[in-house]
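Visitor: Okay, here's the prediction I keep looking at, along with the sequence it came from:
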Amino acid sequence: MLRKIRIILATLFFALVTLLFLDFTGTIHRYLSWVASVQFLPAVMAVNVAVIVGLLVLTLLFGRVYCSVICPMGVFQDLVSWISGKRKGKNLRFSYSKGKHWLRYGMLVLFIACMVAGIGAIVSILAPYSSYGRIVSNLLAPVYGSVNNVFAYFAERAGSYAFYEVDVHIKSIATFIVSAVTFVLVAVLAWRNGRTYCNTICPVGTVLGFFARFSLLKPYIDTTKCINCKKCSRTCKASCIDSENHKIDYSRCVACMDCLESCSKGAIKYGRVKLVKVNVGNEKVDSSRRQFMAIAGAAVATAALHAEEKTVDGGLAVLEDKKVPNRNTPLVPGGAVSLDNFTQHCTACQLCVSACPNGVLRPSQSLDRFMQPEMSYETGFCRPECTRCAEVCPTDAIRPLPKEEKMMRKIGTAKWVKENCIVLRDGVACGNCERHCPNGAIVMAPLDENNPDSPKFPVIDAERCIGCGACEYVCPARPFSAIYVDGVEIHRTI
């Protein structure tokens, strides 16, 4: 019964998180963005104390149910392992193995060190929720969009507008490759050995494993009923049940409840297990309690360190694709507060990239911000009234802003490139940038002040410009726009 409840809840969470990254209409984001906020690492990055405490209490009560129910990467591994287990004669294919603690703790130390040092690329690659998000948005979303477009094609010819076509493309080759490699690596490990990724690489699994050792309720072996058939060990995808010695490594157990169902003698139970006291010299010490206090102190110190860190249109030219200009400062959404704040808190899950209705967010290929989203205006611009990215961001890398404030938040400044302007290059009148600027920050002025009929060029009021990119997007110059937006390090409201 417990296993069935776990499977139902896991399926629900997995479906919701997956749909969150696939949805291009904004409907799911509007109602279910909380599913991303309850993920462990995003909650830590956002210093969301309520969620962090809630997940730790959940772990201390029931074990690592987060890993088997809430974490999409964990459920993905279970799905792959289940498919592998359906092969003939492969239902009982696991066996107990000692935990590779040196690797687990080494990866955790590396992860924390990279967080403190601000090496976002390593943090993004190791973060389980972010890794799964990139897999969905880079590998599954194009397929999902293509299927949608097929329905839209036939619906349009039937006179129905229940579906509409969406742009399907790979936003970043580098991110696509990383996502594909991650998918293959995790899938192969899960296919062969179940939860290997969770118990050797995943930093979240290691942290929660610390606390799971002291959980109130956990699986245990009733030695009076056990006949040493080893079915529990051969069913355990975490390889943490030592049936010969009647021991379970609770730091690796993900509370999947598979072992309970596999035991025909009822020797595996789920409930309270008394702590074991050991002698150290002449003094009796509750080893579990001492270890728990040490780990809890380390976790609090890490959270405090992170919290302290946080304080801180037209077309007059030949139609061809635009090229990305060389921006001196990257563009990040208005709710990011500053480039440094965004870089420190973003885990590159790319939920905002999937949610952006304007298509201006895409993964960065810069090494210092690898796979973290940045803005570019070749195929759209950031509508001043749109706050979708902030609404879905689970880490507070992009903080929610009232629409009125978002419309006045300066994230960059437009700049004119004289040699690219078709007014001077081709001798034709334009003015697209002036007509489409939502803040009236651009006016067309004659080249010759003494001749009002001379060709007009754009003059930019840097104080009124918010960097939305409307001017860059509608500029007809190719391959580079004659006007582009350069980001600012620290955002402000004008």
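Guide: Perfect, thanks for sending it.
Visitor: use CA for all of it now, contacts and neighbours both
Guide: Fine.
Visitor: Isn't Arg134 up against Val353?
Guide: No - Arg134 is beyond contact range of Val353, at 9.9 Å (criterion: CA atoms under 8 Å).
Visitor: Those two: which has the busier surroundings?
Guide: Arg134 (30 against 24; other CA atoms under 10 Å).
Visitor: who are the neighbours in contact with the more buried one?
Guide: By CA atoms under 8 Å, 6 or more residues apart in numbering, Arg134 lies in contact with 175, 179, 348-350.
Visitor: Next: Pro128.
Guide: 71, 73, 202, 204.
Visitor: can you list the domains in this structure?
Guide: 2-273, 279-310, 319-493 (automatic domain parsing).
Visitor: Please convert those to a markdown table, extending it with mean pLDDT.
Guide: Converted to a markdown table, the domains of the chain look like this (pLDDT from 0 to 100):
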| stretch | mean pLDDT |
| --- | --- |
| domain 2-273 | 91 |
| domain 279-310 | 47 |
| domain 319-493 | 91 |
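Visitor: Buried ones among the contacts of Pro128?
Guide: Among the contacts of Pro128, those buried by neighbour count (16 or more other CA atoms under 10 Å) are 71, 73, 202, 204.
Visitor: list the buried ones in stretch 26-38?
Guide: 26, 28-29, 33, 35-38.
Visitor: right, and out of those residues, which lies closest to Ile7?
Guide: Closest approach to Ile7 among the buried residues of stretch 26-38 (CA to CA): Val35, at 17.2 Å.
Visitor: how would you label the closest one: helix, strand or coil?
Guide: Assigned by DSSP: H, G, I helix; E, B strand; the rest coil, the conformation of Val35 is helix.
Visitor: what sits against the nearest residue to it once chain neighbours are set aside?
Guide: Nearest residue to Val35, sequence neighbours excluded (CA to CA, 6 or more residues apart in numbering): Val17, at 6.4 Å. Under the criterion of CA under 8 Å, 6+ apart, the neighbours of Val17 are 35-36, 72.
Visitor: Let's have those residues in CSV, adding distance to Ser95.
Guide: As requested, the contacts of Val17 are exported to CSV (distance: CA to CA, whole Å):
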residue, distance to Ser95
Val35, 34
Ala36, 34
Pro72, 25
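Visitor: Show me which of the residues you listed is closest to Phe183.
Guide: Nearest to Phe183 among those, with distances taken as CA to CA, is Pro72, at 12.8 Å.
Visitor: quick one, phi psi at that closest one?
Guide: phi -70, psi -30 (degrees, to the nearest 10).
Visitor: do you know how far it is from Lys4?
Guide: Look at Pro72 and Lys4: by CA to CA, to the nearest Å, they are 18 Å apart.
Visitor: higher neighbour count, these two?
Guide: Per other CA under 10 Å, whichever of Pro72 and Lys4 has more neighbours is Pro72, with 28 against 13.
Visitor: Thought Phe14 was touching the more buried one, still the case?
Guide: Yes - counting by CA under 8 Å, Pro72 does reach Phe14; the two are 5.3 Å apart.
Visitor: So which residues of the stretch 251-400 of the chain form helices?
Guide: Counting by DSSP state H, counting those that start in this stretch, the stretch 251-400 of the chain has helices at residues 258-262, 287-311, 339-345, 351-355, 388-392.
Visitor: how about the third one: buried residues?
Guide: What that stands for is helix 339-345. Applying 16+ other CA under 10 Å to helix 339-345 flags 339, 341-345 as buried.
Visitor: I'd like those laid out as TSV, including distance to Gly467.
Guide: As requested, the buried residues of helix 339-345 are exported to TSV (distance: CA to CA, whole Å):
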residue	distance to Gly467
Leu339	14
Asn341	19
Phe342	17
Thr343	19
Gln344	22
His345	22
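Visitor: Could you point out which of these is nearest to Cys386?
Guide: Taking CA to CA as the measure, Cys386 lies nearest Phe342 of these, at 18.4 Å.
Visitor: Correct me if wrong: the closest one contacts Ile398.
Guide: Yes - counting by CA under 8 Å, Ile398 is a contact partner of Phe342 at 6.9 Å.
Visitor: quick one: common contacting residues for the two?
Guide: Common neighbours of Phe342 and Ile398 (criterion: CA under 8 Å, 6+ apart): Ala336.
Visitor: rewinding a little: which SSE is the residue nearest to Val35 in?
Guide: Assigned by DSSP states H and E, Val17 belongs to helix 2-22.
Visitor: Output that helix as PDB - backbone C-alpha positions only.
Guide: The C-alpha trace of helix 2-22 is given here as PDB (Å, rounded to 0.1, in the frame of the first residue of the first chain):
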ATOM      1  CA  LEU A   2       2.800   2.400   0.900                       C
ATOM      2  CA  ARG A   3       4.600   1.700  -2.400                       C
ATOM      3  CA  LYS A   4       1.400   2.400  -4.400                       C
ATOM      4  CA  ILE A   5       0.900   5.700  -2.600                       C
ATOM      5  CA  ARG A   6       4.500   6.600  -3.300                       C
ATOM      6  CA  ILE A   7       4.100   5.700  -7.000                       C
ATOM      7  CA  ILE A   8       0.900   7.800  -7.400                       C
ATOM      8  CA  LEU A   9       2.500  10.900  -5.700                       C
ATOM      9  CA  ALA A  10       5.700  10.500  -7.700                       C
ATOM     10  CA  THR A  11       3.900  10.200 -11.000                       C
ATOM     11  CA  LEU A  12       1.900  13.400 -10.100                       C
ATOM     12  CA  PHE A  13       4.900  15.500  -9.200                       C
ATOM     13  CA  PHE A  14       6.900  14.100 -12.200                       C
ATOM     14  CA  ALA A  15       4.100  15.000 -14.700                       C
ATOM     15  CA  LEU A  16       3.700  18.500 -13.200                       C
ATOM     16  CA  VAL A  17       7.400  19.400 -13.300                       C
ATOM     17  CA  THR A  18       7.700  18.000 -16.900                       C
ATOM     18  CA  LEU A  19       4.700  20.000 -18.100                       C
ATOM     19  CA  LEU A  20       6.100  23.100 -16.400                       C
ATOM     20  CA  PHE A  21       9.000  23.000 -18.800                       C
ATOM     21  CA  LEU A  22       6.900  22.100 -21.800                       C
END
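Visitor: Give me the helices and strands touching the helix or strand that it is followed by, please.
Guide: Sequence-wise, the next helix or strand downstream of helix 2-22 (DSSP H and E) is helix 27-32. Here helix 27-32 touches helix 2-22, helix 388-392, going by 3 or more CA pairs under 8 Å, 6 or more residues apart in numbering; DSSP states H and E.
Visitor: mind listing what's buried in the last one?
Guide: Right, the one you point to is helix 388-392. So, applying 16+ other CA under 10 Å, buried residues of helix 388-392: 388-392.
Visitor: That helix: what's the following helix or strand?
Guide: On the C-terminal side of helix 388-392, the closest following helix or strand by DSSP H and E is helix 403-406.
Visitor: re the thing from before, buried deepest among the helices and strands packed on helix 27-32, which one?
Guide: Comparing the helices and strands packed on helix 27-32 by mean neighbour count (mean count of other CA atoms under 10 Å), helix 388-392 comes out on top with a mean of 23.
Visitor: contact partners of it?
Guide: 26, 29-30, 33, 36, 333, 335, 351-353, 355-357, 396, 398-401.
Visitor: if we go to 10 Å?
Guide: Contacts to helix 388-392, defined as CA atoms under 10 Å, 6 or more residues apart in numbering, come from residues 20, 26, 29-37, 333-336, 350-358, 361, 396-401.
Visitor: Look up how far Val459 lies from the residue nearest to Val35.
Guide: 46 Å.
Visitor: sorry, back to before: closest one of the buried residues of helix 388-392 to Arg492?
Guide: Ala390 (16.2 Å).
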